[in-house]
Each structure stands twice: as structure tokens, then as C-alpha cells.
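> Any chance you could fold what I've pasted below:
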Amino acid sequence: MARESFKSRIGFILVSAGCAIGIGNVWKFPYLVGQNGGGIFVLFYLLFLLIMGVPVLTMELAVGRGSHKSAVKAYKMLEPVGSKWHIHGWFAIAGAYLLMMYYTTVSGWMLSYFFKFALGTFKGLTSGQADAVFTNMLASPEEMLLCMGVTVIGGFLICSFGLQKGLEKVTTVMMSLLLILIVVLAIHSCTLTGAGEGIKFYLLPSIERVEEVGLRNVIMAAMNQSFFTLSLGVACMEIFGSYMSSDFTLGGESIRIAALDTFVALMAGLIIFPACFSYGVEPDAGPSLIFLTLPKVFMNMPGGRFWGAMFFLFMTFASFSTVITVFENLIATATDNFHWLRKKSVLINCLFVLFASVPCVLGYNIWSGVRFFGGKDVLDFEDFIVSNLLLPIGSLIYCLFCVTPAGWGFENYLSECNTGSGIRMSPKFKRWFQFGIPVLIIAILISGLH
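Next comes the predicted model:
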């Protein structure tokens, strides 16, 4: 059976960007920019994106396009005879499963809040009552299981229609709507009374804040964010490389994916900071920003029910686009390695992810007493393993595989990377790719373990 490929170039870019654009773009990036010197942080972020993020993205895509296979089979096809690089393929897929074991729960939260705003749940509530909406949701295993279940079943249902008719078709529509929504929301936020102060805090370079945080910390934060924003290391981008045509260079396509991802992250800040400053609310990072801070802003805003619903629709699209692209990776791995038909792969993976996502849901209520090292709950523990270990280690392995003679080799990688028309990668980068990028990734790995 011939392998499916993307119907269009824009389909590939939107699907790949959909995988990269997720919750971190919204609940982490704007806060990091604001805290770490505004425009100064953005410049460091863009620098690391170009010298590390984009090159590693081209490597993962090159392994996919060079083999037209999912992770394990791709390594087996490209690795030197007798080497064991393909073992990492299984770890990458394990990371993708682990990511979905908690990401589906958080995506379910977004869906729940969209309906809460759309149905007027927050109308007339006090600040304390608004906070209680979130704590009550976490305390309800029934509501959380329902939202997680809708996310998982809906995601696998879309993937069951195949790459072009399912994933590409739905993601193209969803991402187009997401981009329209984020622009509309940002314009609205920037026109609020007092929004200018928020925009200044967010984007104007601030030497004072850099001195306060420390230049080294600003640089590390920018490097971390530029790395994690592209979802590298667990073969989620590799699978889309395997569906690509050879018409365009990987350098050019990777820059487009990174640009779209960065655009959404920057625009998210233009929604959050002007609105928070306009209503005198201190912006925080993480879930508290999305579920505690912003609902209060929308509650006080004229037409807040509408704007709140639109914001959480945008968040639902951002998280769900990641969910369905990772599901495609899981399905393709099973069809490639076990020779299952797509429908069988969809069914078995759907049942497994549904079952495996239950601990994260129960970790906030029935199993709330369960704690791992450092007092981490189930979600934090699963996220720590994926974000702090599997993503950086996986990216390091992809990098070494592509640039060392013991792996696929720099010449083979470069040839695949530069196939097609577009921006070409220079062979002069060889030493940087062999030594510079691995050192940066190891620094990220070490910083994540502290």
C-alpha cells in the first residue's frame, strides 16, 4: 500500500505548525517575555530559534523525508548496518504516548472553559467564585473524564479518515480559524483603555528587568523556550517529514513553521498583557494565568462572555491541533511496525490513550494524595519526564544521528535537507552542528534537572 502524502504545501506547514503551536505558546511565552526584559528576551529567543531550533527541526524532518517511514523504521533504514540508533525510535514514541497522557486532560480543560463562557457560567460571579469554577472542575472526575474523553475520541476519529481527508483537512481549517481568532482578539485587547502600558511592558526592551533577573537567566530562558516551542525530540515532526514531497528545501519549510509558531506566541502576549494591564490584574504564568487571571479580565470586560468564549475557542484549537498531530504519529508507528490497518491502529491507540490518561485526571481528585519526587502530582511528574528528559535527550540523539559519521552522517543529512527549491543549508555549518548545538542541548538538559 502506497504511503499517503500531504495534498498541499500549505497543508504540511499548517499541520506541522499545529503540532508546534500549543499551550506553552500562550501560558508560558508571554510571561517569559514580560519578566525577562521584553524585546531583549525576544531577540535572544529569535537568535536561538535560528541557531538551534530550526536546525534541529530540519534534522528531524530530514530523517522522516529521507526514509518515508515513522521513527523506528526510519532509523533502521538510514542507520549504518549493526548500529542501534533505532532503539531511540521506541523511546520517542513512548514520549509521545506519555505526552498525550496529560496533554489530553489539559486540552479538555480548554474545551470545558469554552462551553462555560459560551453558556454564561461566569455571568455575575465574584472574583472568588470565578476561582472556584476551576477548583470545582479539578475536583470533579466526571467532568474531567468527559472532556478528556471527547478530546481523545474526537482526535482519533479525525485521524481515522487518513492524512489528507482527516488530519490535513481539519487542521488546515482549524489553524486558519486560530490565526483569524488570535488577530481579532489581539486587536480587541490593544484597543482597551490603558492597554498601551501592557504593550510597553511586554515588548519594549527593558535593561532594568534584565539586570533584575540576570543576563544569564534571561539567555537560558530564551534558549529553553526556543527549543521547547517546536515539540522536537519525540518524532512528532519526523512523521510529517515522512509525508513530505521533495519539492522544497527543509531549511525554508522549517523557518516557515518556526515563524508561524513565533507569530502565535507573540500575538498571545498582545491578547494577555494589554487586557491584564487595562483591568489592573497581575499576569501570572502557567494554568493560573489561563484559568484564574484571564476569566476575571473577561468578566469585567464589555461583551466579556463573547470574548472569553472566543479566547477559549482559540485555546481549544491550539491544544487540539497538537493532540491530533501526535495521534497521527502514534497511528503511523503502529501501522508501520505491526502492519495494522489504519482503522485497527486508530481503535487500539484510542483505547490505550483513553485508559492511560485516567491517572492524570484522577490525580486532581480521587488520587490527589499521590505524590512523586519533589512533591509532584501526576501531571507534573509526567510533564517532567517528557519536557525535561525525553525532549532534550531525543533532540540530542536526532542531532548526533544526522551530523556524525557513526549515524546517518552530515553529508547525507545535508543532501536531504537541501533537496528542492528554497533556502539551502550551508556545509560551513558542519562544525557548529556537530559541536555547538549538542552543547546547547546538554545545557538545556542540565538546567531542566535542577
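> ok, residue 402 to residue 437 distance?
Distance, residue 402 to residue 437, using CB to CB, to the nearest Å: 10 Å. No exception for glycine: its C-beta is placed from N, CA and C like everyone else's.
> So for the two, which residue has more residues nearby?
It is residue 402, of residue 402 and residue 437, that has more neighbours when counted by other CB atoms under 10 Å, with 27 against 22.
> Output the contacting helices and strands for the strand or helix carrying that one.
In this structure, residue 402 sits in helix 391-403 according to DSSP states H and E. In terms of contacts (3 or more CB pairs under 8 Å, 6 or more residues apart in numbering; DSSP states H and E), helix 391-403 is packed against helix 54-67, helix 86-118, helix 215-228, helix 410-417, helix 437-448.
> change it to 10 Å
helix 54-67, helix 71-78, helix 86-118, helix 215-228, helix 236-242, helix 410-417, helix 437-448 (3 or more CB pairs under 10 Å, 6 or more residues apart in numbering; DSSP states H and E).
> what do residue 402 and residue 437 both touch?
Common contact partners of residue 402 and residue 437 (CB atoms under 10 Å, 6 or more residues apart in numbering): 55-56, 59.
> who's in contact with the worst-scoring helix or strand of the chain on mean pLDDT?
Lowest on mean pLDDT, DSSP states H and E among the helices and strands of the chain sits helix 287-288, with a mean of 83. For helix 287-288, the external contacting residues (CB under 10 Å, 6+ apart) are 23, 27, 106, 109, 131, 134, 138, 293-294, 379.
> Check which element follows that helix along the chain.
helix 294-300.
> which among the shared contacts of residue 402 and residue 437 gets closest to residue 417?
residue 59 (8.0 Å; CB to CB).
> Assess the claim that the closest one and residue 398 are in contact.
Yes. Here residue 59 reaches residue 398: they are 5.0 Å apart, a contact under CB atoms under 10 Å.
> Mutual contacts of those two, please.
Joint contacts of residue 59 and residue 398 (CB under 10 Å, 6+ apart) are 232, 237-238, 408, 413.
> mind checking how far residue 99 is from residue 10?
Separation of residue 99 from residue 10 (CB to CB): 26 Å.
> any weak-confidence spans in this protein?
1-2 (pLDDT under 70).
> ok so, going back, nearest to residue 4 among the helices and strands packed on helix 391-403 would be which one?
helix 236-242 (9.8 Å).
> Assess the claim that residue 31 and residue 272 are in contact.
Yes. Between residue 31 and residue 272 a contact is recorded at 8.2 Å, counting by CB under 10 Å.
> neighbour count winner among those two?
residue 272 (29 against 20).
> mind checking how far the closest residue to residue 249 other than its chain neighbours is from residue 8?
Spatially, and ignoring its direct neighbours in sequence, residue 249 is nearest to residue 422 (3.9 Å; CB to CB, 6 or more residues apart in numbering). In this view, residue 422 and residue 8 are 16 Å apart by CB to CB.
> So residue 425 belongs to a helix, correct?
No. Assessed with DSSP: H, G, I helix; E, B strand; the rest coil, residue 425 is coil; it does not lie in a helix.
> looking at it, it is touching residue 414, isn't it?
Yes. In this structure residue 425 lies within contact range of residue 414 using CB under 10 Å: 6.1 Å.
> list residues touching both of those two?
Taking CB under 10 Å, 6+ apart as the contact rule, residue 425 and residue 414 both touch 58, 62, 433.
> burial count for the last one?
Each residue near residue 433 was counted by other CB under 10 Å, and the total is 24.
> What residue, apart from its backbone neighbours, is nearest it spatially?
In space, residue 433 is closest to residue 403, 4.6 Å off (CB to CB, 6+ apart).
> And for residue 233?
Nearest-residue entry for residue 233: residue 394, 3.0 Å, with adjacent residues in sequence omitted and distances by CB to CB, 6+ apart.
> Give me the distance between the one you found and residue 23.
Residue 394 sits 20 Å away from residue 23, going by CB to CB.
> Looking at these two, which is more packed in?
Between residue 394 and residue 23, residue 394 has the larger neighbour count (other CB under 10 Å), namely 27 against 19.
> who's in contact with that one?
56, 60, 71, 88-89, 91-92, 95-96, 232-236, 238, 386, 441.
> Go again with 6 Å.
92, 233-234 (CB atoms under 6 Å, 6 or more residues apart in numbering).
> And residue 396, by the same measure?
Here residue 396 is in contact with 438, 441 (CB under 6 Å, 6+ apart).
> cutoff 7 Å now
438, 441-442 (CB atoms under 7 Å, 6 or more residues apart in numbering).
> between those residues, which has the most around it?
Greatest neighbour count in the contacts of residue 396, by other CB under 10 Å, goes to residue 441: 26 neighbours.
> quick one: it from residue 160, how far?
Taken as CB to CB, the span from residue 441 to residue 160 is 36 Å.
> Off-centre distance for the lengthiest helix in the chain?
Criterion DSSP state H: the longest helix present in the chain is helix 304-338. The chain centroid and the centroid of helix 304-338 are separated by 10 Å under CA atoms, centre = their mean, to the nearest Å.
> buried stuff in it?
Buried residues in helix 304-338, defined by neighbour count with 16 or more other CB atoms under 10 Å: 304-305, 307-337.
> same thing with stretch 358-373?
Neighbour counts over stretch 358-373 (16+ other CB under 10 Å) mark 358-364, 367 as buried.
> Of those, just say which sits nearest to residue 277.
Distances from residue 277 to the buried residues of stretch 358-373, taken by CB to CB, are shortest for residue 364, at 31.1 Å.
> C-alpha coordinates for stretch 155-174, CSV please?
Output of stretch 155-174 as CSV, limited to C-alpha atoms (Å, rounded to 0.1, in the frame of the first residue of the first chain):
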residue,chain,number,x,y,z
GLY,A,155,-8.9,13.3,17.8
PHE,A,156,-8.7,9.7,16.8
LEU,A,157,-11.9,10.0,14.8
ILE,A,158,-10.4,12.7,12.7
CYS,A,159,-7.2,10.7,12.2
SER,A,160,-9.3,7.6,11.2
PHE,A,161,-10.1,9.4,7.9
GLY,A,162,-6.5,9.4,6.9
LEU,A,163,-3.8,12.0,6.4
GLN,A,164,-5.4,14.1,3.6
LYS,A,165,-9.1,13.7,4.3
GLY,A,166,-8.7,13.7,8.1
LEU,A,167,-5.7,15.4,9.7
GLU,A,168,-4.7,17.8,6.9
LYS,A,169,-8.3,18.9,6.1
VAL,A,170,-9.3,19.5,9.7
THR,A,171,-6.0,21.1,10.8
THR,A,172,-6.0,23.4,7.8
VAL,A,173,-9.4,24.8,8.7
MET,A,174,-8.7,24.8,12.5
